[in-house]
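In: Pasting a predicted model and its sequence here:
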Amino acid sequence: DTAVSQTPKYLVTQMGNDKSIKCEQNLGHDTMYWYKQDSKKFLKIMFSYNNKELIINETVPNRFSPKSPDKAHLNLHINSLELGDSAVYFCASSGTGEDTQYFGPGTRLTVL
Amino acid sequence: QKEVEQDPGPLSVPEGAIVSLNCTYSNSAFQYFMWYRQYSRKGPELLMYTYSSGNKEDGRFTAQVDKSSKYISLFIRDSQPSDSATYLCAMSGLGSSNTGKLIFGQGTTLQVKP
């Protein structure tokens, strides 16, 4: 069973489009995250939700909007996609009070 | 200056070599230190987790933390071609243990040649 899963795995789209990435975890964790990894492998946190409540919101354009329908799911919606949004987006989760995070397989977004 | 500095490499070693991967950091509030391994086109997976200064060993892997120097290391003994991956250090502070905010290094790409 996959612990943290993301869909889709690959996403190719045109500039200006709106797209969503979905994440689900079956670890029973309370906290979920979105990270962006650029072409130089630098991994940077974007958002974090704990029990459906937003707790980390880094300096991210407001074109990015996370949504957590329940504590097992955290989706990322991106409006008006730009070339610079091309990256790999990782979802992760952690248990209450834990610092170790478990990552999904990533979604490779390419904006043309 | 980035909070966490890590030489991106690439680092190429022959099979069986001892590998040393390092990170330095500037924020003395960091208390929890992790090493993640990321294979090509995969998500990072947790390799080692340490809290205090000193060494922690797990099989061929040893994580070392020196808080006084703000320096952490990961040693891989008897390196294997299957160890070829990108190794990311990550850390968080006491305050951020409640928020879970991990700060990552850039990652070091390691290639172990047969």
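Out: Yep, it's here. Since the structure is predicted, the reported quantities are computational estimates derived from the model, not experimental observations. Numbering: from 1, shown residues only, chains lettered A, B, ... in the order given.
In: Identify the residue nearest the closest residue to chain B within chain A in space, chain neighbours excluded?
Out: Closest to chain B within chain A is A:Phe103: 3.8 Å, counting by C-beta to the nearest C-beta. Yep, even glycine has a C-beta here, placed from its N, CA and C like the rest. Leaving out its chain neighbours, the residue that sits closest to A:Phe103 by C-beta to C-beta, 6 or more residues apart in numbering or on different chains is B:Gly43, at 3.8 Å.
In: For A:Phe42, report the pLDDT, please.
Out: The model reports A:Phe42 with a pLDDT of 88.
In: Would you mind confirming that it is in contact with B:Leu88?
Out: No. At 9.3 Å, A:Phe42 and B:Leu88 do not qualify as touching, with contact defined as C-beta atoms under 8 Å.
In: between these two, who's got more neighbours?
Out: B:Leu88 (26 against 17; other C-beta atoms under 10 Å in any protein chain shown).
In: Apart from its chain neighbours, what residue comes closest to A:Lys52?
Out: The nearest residue in space to A:Lys52 (C-beta to C-beta, 6+ apart) is A:Ser68, at 4.5 Å.
In: The one you found sits in which helix or strand?
Out: strand A:64-70 (DSSP states H and E).
In: Pull out the buried residues from that strand.
Out: A:64, A:66, A:68 (16 or more other C-beta atoms under 10 Å in any protein chain shown).
In: who's the residue lying closest to the first one once chain neighbours are set aside bridged to?
Out: When you say that, I think you mean A:Phe64. Among residues not flanking A:Phe64 along the chain, A:Ile78 sits closest, at 5.5 Å (C-beta to C-beta, 6+ apart). Going by DSSP bridges, A:Ile78 is paired in beta bridges with A:Lys19, A:Phe64.
In: OK, contacts around the nearest residue to B:Ala29 once chain neighbours are set aside?
Out: Closest residue to B:Ala29 apart from its sequence neighbours, by C-beta to C-beta, 6+ apart: B:Gly93 at 3.7 Å. The neighbourhood of B:Gly93, defined by C-beta atoms under 8 Å, 6 or more residues apart in numbering or on different chains, consists of B:27, B:29-32.
In: In ChimeraX, how would I select just the buried ones from those?
Out: Selection of buried members from those for ChimeraX, criterion 16+ other C-beta under 10 Å:
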select /B:30,31,32
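In: In this structure A:Val4 contacts A:Leu27, no?
Out: Yes. Contact status for A:Val4 versus A:Leu27: in contact at 7.2 Å, counting by C-beta under 8 Å.
In: does the residue most central in space within chain A belong to a helix or a strand, and which?
Out: The centroid of chain A falls nearest to A:Trp34 when counting by C-alpha atoms, centre = their mean (3.2 Å). According to DSSP H and E, A:Trp34 maps onto strand A:31-37.
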